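build me a structure from this.
(chains A, B and C)
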Amino acid sequence: MKDLLEVRNLSISFDTRRGEIQAVRDVSFNLHSGEILALVGESGCGKSVLCKSIMKLLHGNSRIKSGNIIVDGEDITGYCERDMQKLRGNVFSMIFQDPMTVLNPTITVGKQIGEAVSIQTGLYGKRRASVKVHERVIELMKQVKIDHPEERYFSYPHELSGGMRQRIVMAIALAGNPKILLADEPTTALDVTIQSQILELLKEIQKNNKMSVILVSHDLGAVASVADRVAVMYAGKIVEIGTAEEVYYDPRHPYTWGLLRSLPAFSKGRDELYTIPGMPPTLINPPMGDAFACRNEYALEIDYKEMPPMFRITDTHYAATWLLHEQAPKIVSPVGGMVSDVRNSY
Amino acid sequence: MSEILIDVQNVTHHFKLNRKTAICAVDQVSFQIKKGEILGLVGESGAGKSTLARCIMNLYQPTAGRILYKGIDTCDRRQFKEHKKMLQTKRQLIFQDSTSSINQRMKAVDIIAEPLRINHVHTPRGSARAEAEFQLHYVGMDAGCLDKYPPELSGGERQRIAIARALSMEPELLVADEPIASLDVSIQAQIINLFKHLQKEHGFTFLFISHDLAMVEYLCDRVGVMYQGRLVELAPTRDLFSNPQHPYTRTLLSAIPLPDPKRERNRRKGVYDAQKS
Amino acid sequence: MMHRRAELLIYCIKKILSFVISIVFLSLVVFYISRWAPGDPLVSYYGDRVEKMSPEEREWAEERLGLNDPVYVQYIRWAQNALHGSFGISYKYKTDVTEVIGGRIGNTLLLGGIGFLLIFLLAPVVGILCVWYENKLPDKMISRVGTISSCIPEFWFSLVLILVFSVIFKILPGSGAYDIGKSNDVLSRIRHLILPLAVVVISHIWYYAYMVRNKLLEEVRADYVLLAKAKGLSRSRILLGHCLRNVMPSYISIMAISIPHILGGTYIVETVFSYPGIGTLAYESARYKDYNLLMLVCILSGVVVIFCNIIGQAINERIDPRIKAEKTGEALEVEVL
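Okay, here's the model as predicted:
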């Protein structure tokens, strides 16, 4: 598999009045072509910032401190706004958490998709392009499974349901046949049933268009059905990365354990749901050792002093915890394996 | 356990769009909540869950039907006025989005103590500040947060403050309208544990509205499923999850994501269409 | 379709009714206040001769002008005549007030209209400039200058301009609407318009430009800008095609409401430049108790104010699809006990 996107030692900071917030700290990962990589972590762990930084959609007070973003063999770290405009939409595209606020409320959805289409086909502002653009818009709307696209074309965003709006946003993102789709919590604002529909649609489109997808989510349960690989982020760093099977069935990092254990599926019959004690650290002055150490019941002494490197478990599975060091005491994961009593699927 | 706290009888609520057309948001819904029980209400957005909750809280006046709270018809103006104070203090509502439902420019202590001030309640703990501190401890936060403003707190802490505010009136009934939908998984678990604790140790009664069935299954004693304004199924949690009767309930259950990739990839998820069945 | 037409009709009738009531109320208030204010209306009719009049002569003169009846009788008489289209004669000019105003209204419309148009077109440009260079030097410069310019009183600013351009440099005329005897000379009119226009535009524009700037800044931070960026749109297209578009409805409606505000500004400017318009007329008539003239000027201004407000509201309600949605949503806010 070829690497479509490579992020190397990326660090991103925000300059605020209270100091420098290190939102992303020394993150490296690859995105293979034709895969779905899920980026999972609590809010504030930098997963969304990481996504936006790839497309350079961050606000003015942020800066890339070090590292490289390499797309299709080309280092885009230093690209200026004008160069980025050419890449946005056709190399990578993005869908967002809240489909209500990302659509312009005063423009019909058809027009908003059409805008993306005409930009990507170079027809923007040209006459006689409207028929072609319209055809493509309808095609896109069919692709994201919107019923009666001809009627919906003239709807305003507030006239559609949440799931429908997210489909519109997806249609916009697909207008330029991007190679990479960044999905920033696309289902968080939606109902369970709609959630699974949107994820299924995402998977289907990814297969048909041979795209690669980075799927950001805070819920390990929600992305299990679609993710090929999973990266778990904590306090601006990737703490564990591996194929979905590896991360779900054989998690190695205590934070991944915590995330999995707090899912109600693992607490059936128990009196209390598991919660990870404490709070994530502030990223203004992140701790020098492992950022998770103070919430980690298995923390070793070295965790407070030195940042753990990425330990290799298999060729695809890496985790950053000292527990994997050969001198560390062997601890059996409190979770993992198949969910014990899964109810019948309907 | 057997005393009935809330009795919802054939409640219907229409939203008027204009003089001729109206949307039926809640259609002929009847159920009861017993004292000390957690009743879950699930369904997709637009199913009428929130409208029903607001009817119960007297924020909306239902178009038809009655809602009895301890035998008092809260929809009747005269009876409502008579028991206004009791009804307003003993029933509290917790909203989904604590960023917008609490004033961002008030300190935590003022947010929690505000209902006390409004209702001129004299607390056994002396000052309003002491009361606020007590309530904060109650929901598992320390006094250091008293003088913080909501933007300085995390989503889970803000939601706890909203809960503490609701608790400061020492209510009997808490209506929680999607209280965990905008929180992280681990924080969700904290809030759910808090609810469970409040029910078990202190005997609060909850109406818990959510679209997250996994949490509902864990927390609630009984679950009602709403679809397009109607209550299509109401059963004890165990029965509902092991033996769902209504096809829509089955669709909902099949949509619960499981942290099990192999199984999930092969699972077929149903789509329920009211017209077809 | 019939249903919607009927709704529109009811809407229009409601607006017209509120319009008429406002005008009647306004005329009543102005009528009473002007009569209570101190001053002698006879002075404007008879000039200095009033001082030499005997009490009998005064009484006779007052009766001739209908000024010795109780105020409400005077009002009713005035209202009856007004309904028949006659607003009485001006005490000072001794002709029908409509004629007096008719001779001046063109000048005011010219000054106010061009001023308004310039403000209307330039304010968004200034606002967009500020947003484009947000918190950079151009934005800061424009903001400073704008704040200062909108704080300077118009009459003082006018005097400074007259001093600089007409008295010291003598390049532009400082008073009147045209050179004597050249009332049809376009060039002369333009030269006379420059200074008053400059005052009207400069002293008002920042208020509106600032509004556009702030609204645009809000829009620029909205989430849909992210999506537009992710689509591959350039910054100028996002700013003009998305953000400005969303600001326009409220801008247009506010501009409609602000017409009277700008008109009020031209009144002051007119008096300083002794520009023969409605403003100077209003000032004179109030000063010399030229009752009939004052009434018509006030009512005309009132009509403009109320009409603009109604137009502004209507625009606001019709243009923005969000407001339409809110209107239907209004019904959702069912009574709260």
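
does stretch B:3-12 reach chain C?
No. Stretch B:3-12 lies out of reach of chain C by CB under 8 Å from any CB of the partner chain, never closer than 12.7 Å. Every residue, glycine included, has its C-beta placed from N, CA and C.

could you measure from the residue nearest to residue C:105 when sequence neighbours are not counted over to chain B?
Leaving aside its chain neighbours, residue C:105 sits nearest to residue C:278 (6.1 Å; criterion: CB to CB, 6 or more residues apart in numbering or on different chains). Distance from residue C:278 to chain B, counting by CB to the nearest CB, to the nearest Å: 44 Å.

pull the contacting residues for residue C:278.
For residue C:278, the contacting residues are C:101, C:104, C:105, C:108, C:267, C:270, C:297, C:300, C:301, by CB atoms under 8 Å, 6 or more residues apart in numbering or on different chains.

tell me the pLDDT of it.
As predicted, residue C:278 sits at a pLDDT of 88.

tell me which two in the contacts of residue C:278 are the farthest apart.
C:270 and C:300 (14.5 Å; CB to CB).

neighbour count: these two, which is higher?
residue C:270 (27 against 15; other CB atoms under 10 Å in any protein chain shown).

residue numbers of the stretch 1-150 of chain A in contact with chain C?
So the stretch 1-150 of chain A meets chain C at A:52, A:55, A:57, A:81-82, A:85-90, A:93-94, A:96, A:98, A:101-107, A:115-116, A:119-120 (CB under 8 Å from any CB).

again, only using 7 Å
A:55, A:57, A:85, A:88-89, A:93-94, A:96, A:98, A:101-106, A:115-116, A:119-120 (CB under 7 Å from any CB of the partner chain).

low-confidence bits of the stretch 51-200 of chain C, can you list those?
Across the stretch 51-200 of chain C, nothing is flagged by pLDDT under 70.

count the residues that sit near residue 52.
I'll assume chain A. Neighbour number of residue A:52 under other CB under 10 Å is 22.

if you could check chain C rather than the one you did, that'd help
8.

how about the helices in chain B?
Assigned by DSSP state H, chain B shows helices spanning B:49-56, B:77-82, B:84-90, B:98-101, B:108-118, B:128-138, B:155-167, B:185-202, B:213-219, B:237-242, B:247-254, B:261-266.

next, give phi and psi for residue 83.
Chain wasn't specified; assuming chain A. phi -60, psi -40 (degrees, to the nearest 10).

um, chain C though
Dihedral angles for residue C:83 - degrees, to the nearest 10 - are phi -60, psi -30.

OK, contacts around it?
Going by CB atoms under 7 Å, 6 or more residues apart in numbering or on different chains, residue C:83 touches no other residue.

about what we covered before: can you turn the buried part of the contacts of residue C:278 into a PyMOL selection?
Provided next is the PyMOL selection string for whichever of the contacts of residue C:278 are buried by 16 or more other CB atoms under 10 Å in any protein chain shown:
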select buried, chain C and resi 101+104+105+108+267+270+297+301
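
how about the contacts of residue C:278 in CSV, adding secondary structure and distance to residue A:199?
Formatted as CSV, the contacts of residue C:278 follow (DSSP: H, G, I helix; E, B strand; the rest coil; distance: CB to CB, whole Å):
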residue, secondary structure, distance to residue A:199
C:101, helix, 71
C:104, helix, 72
C:105, helix, 68
C:108, helix, 66
C:267, helix, 65
C:270, helix, 68
C:297, helix, 69
C:300, helix, 65
C:301, helix, 63
